[in-house]
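[1] Model the structure of this input:
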Amino acid sequence: MNKEQLFNEVYKSNKDRIYRICCFYVNDLEDRHDLFQEVLTNIWKGLDRFEGRSKVSTWVFRIAVNTSLAFRKKHRAESTKIENARDEIHREWNQSLSEGEQEAIQKLHQAISGLNKIEKAIVSLMLEDVSQKVIAEVMGYSENNIRVRAHRIKQKLKAILIPQSHGN
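    As a prediction, this is how the structure comes out:
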């Protein structure tokens with residue numbers, strides 16, 4: 001298989017996941033598309049160096065997360081309000097949901113926006129049903145560390161989304 005065929009296969013298998021990862025890091029729609037293209041460019045450039053020591057999807061996730069982190073850092077001053085990004089994500093991915101489901105997703109996105117960059121990366125991969133083992137490979141942490149971090153992130157999101165009453 002030549003490089004172009006391999007790239008096309010990687011693209012077809014991962015394009016939606018890559019885009020959703022980009023959504024977690026970039027608010028502006030135009031910047032999101034730029035980031036998506038930058039991720040694809042980095043995948044293309046890296047295909048010659050891919051050694052097959054991990055799954056292609058793991059390698060793609062690592063490139064998507066690392067490129068997103070670098071892009072966000074580079075474009076931090078240009079970012080727009082998170083509310084606009086959530087609305088765009090909502091319209092793009094959740095048009096067929098009920099009003100209650102839409103509200104729940106909006107609240108989840110708002111809660112996720114309050115996480116730090118490492119937590120966002122872990123959550124974005126968890127939401128893509130990536131295994132903790134693969135997340136550990138992508139993030140460069142041990143699988144046990146990812147389990148602990150995932151548990152803490154879930155607790156943090158739960159505390160935000162389901163506030164406890166402190167009265168009688």
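[2] Now the residue nearest in space to the middle of the chain: closest residue in space that isn't a chain neighbour?
    When the chain is reduced to its mean C-alpha position, the nearest residue by CA atoms, centre = their mean turns out to be residue 21, at 2.8 Å. Once its chain neighbours are removed from consideration, residue 21 has its nearest residue in residue 64; the separation is 4.6 Å (CB to CB, 6 or more residues apart in numbering). Where you see a C-beta, it was placed from the backbone N, CA and C, and this is true even at glycine.
[3] just checking, next helix/strand downstream of the worst-scoring helix or strand of the chain on mean pLDDT?
    Every helix and strand in the chain was compared by mean pLDDT, DSSP states H and E; the lowest is helix 82-93, with a mean of 58. Sequence order places helix 99-113 as the next helix or strand after helix 82-93, per DSSP states H and E.
[4] Put the alpha carbons of that next one into CSV.
    Extracted C-alpha coordinates of helix 99-113, given in CSV (Å, rounded to 0.1, in the frame of the first residue of the first chain):
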residue,chain,number,x,y,z
GLU,A,99,-34.5,19.5,24.2
GLY,A,100,-33.6,17.7,27.4
GLU,A,101,-30.8,15.8,25.8
GLN,A,102,-29.5,18.9,24.2
GLU,A,103,-29.5,20.7,27.6
ALA,A,104,-27.7,17.8,29.2
ILE,A,105,-25.0,17.8,26.5
GLN,A,106,-24.6,21.6,26.8
LYS,A,107,-24.1,21.3,30.6
LEU,A,108,-21.6,18.6,30.0
HIS,A,109,-19.6,20.7,27.5
GLN,A,110,-19.7,23.6,29.9
ALA,A,111,-18.4,21.4,32.7
ILE,A,112,-15.7,20.0,30.5
SER,A,113,-14.6,23.5,29.5
